[in-house]
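S.K.: Show me how the following folds:
(one chain, ligands or ions: 2)
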Amino acid sequence: MSTEVQKPGWKSYPHGNLLEAGTSQQFKTGSWATEIPVWNSETCIHCLTCWIVCPDDCWVVEDGKIQGVNLDYCKGCGICANECPSKSKSIVMKGKKNV
Ligand code: SF4
Ligand code: SF4
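M.R.: Ligands and ions are numbered 1, 2, ... in the order given. Predicted coordinates for the structure are as follows:
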C-alpha cells in the first residue's frame, strides 16, 4: 500500500494565484523592510512625489499635504527617498535599529 500524498497540480490554482481581489490591506508587509523612511515635516514642500511613486501607497495625504508614512505596508524600497526633490532631502532611509 502506498503512503504517498497526492499534491494538487498547478492547474488547480486560480489564475494569477489570487484567491480574492482587493485583499492587500489584510497583509501588513512592513515587517519585510530592513530600512524605513524617516520624514522631516519641517523641510517637506508637500510636492506629493513620495505619495505618487510609492508602490505600496504608504504616504498619508490630507488636504493636499503629507501627514506621515504608514509603515504597516512599507517594504523599505527607498524609492520615496530617492525621488524626494526637497533640497534638504525630507526623507532619509534608516535601518530599523537606528530609528
Ligand atoms: S517627496 Fe519629499 S518634499 Fe515631496 S511631499 Fe514627499 S517628503 Fe515632501
Ligand atoms: S520605502 Fe518604498 S514602500 Fe516604503 S514608503 Fe518609501 S516608496 Fe513606499
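S.K.: Which residue ranges of this protein form helices?
M.R.: Here the chain has its helices, by DSSP state H, at 49-53, 79-83.
S.K.: what's the closest of these to ligand 1?
M.R.: Comparing the helices of the chain by their distance to ligand 1 (C-beta to the nearest ligand atom), the top pick is helix 49-53, with 3.3 Å. (C-beta placed from N, C-alpha, C; glycine too.)
S.K.: How far away from the center of its chain is the closest one?
M.R.: Helix 49-53 has its C-alpha centroid displaced from the chain centroid by 12 Å (C-alpha atoms, centre = their mean, to the nearest Å).
S.K.: for that helix, packing partners?
M.R.: Applying 3 or more C-beta pairs under 8 Å, 6 or more residues apart in numbering; DSSP states H and E, one finds that helix 49-53 contacts strand 59-62, strand 65-69, helix 79-83.
S.K.: Give the rounded mean pLDDT of that helix.
M.R.: In this model, helix 49-53 has a mean pLDDT of 97.
S.K.: what about it, near ligand 1?
M.R.: Yes - judged by C-beta under 6 Å from any ligand atom, helix 49-53 and ligand 1 are in contact via Thr49, Cys50.
S.K.: Dump the helices of the chain to CSV, plus mean neighbour count and distance to Lys96.
M.R.: Formatted as CSV, the helices of the chain follow (neighbours: other C-beta atoms under 10 Å; distance: least, C-beta to C-beta, whole Å):
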stretch, mean neighbour count, distance to Lys96
helix 49-53, 17, 19
helix 79-83, 17, 15
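S.K.: Could you export those helices as JSON lines, including distance to Leu19?
M.R.: Below are these laid out as JSON lines (distance: least, C-beta to C-beta, whole Å):
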{"stretch": "helix 49-53", "distance to Leu19": "29"}
{"stretch": "helix 79-83", "distance to Leu19": "28"}
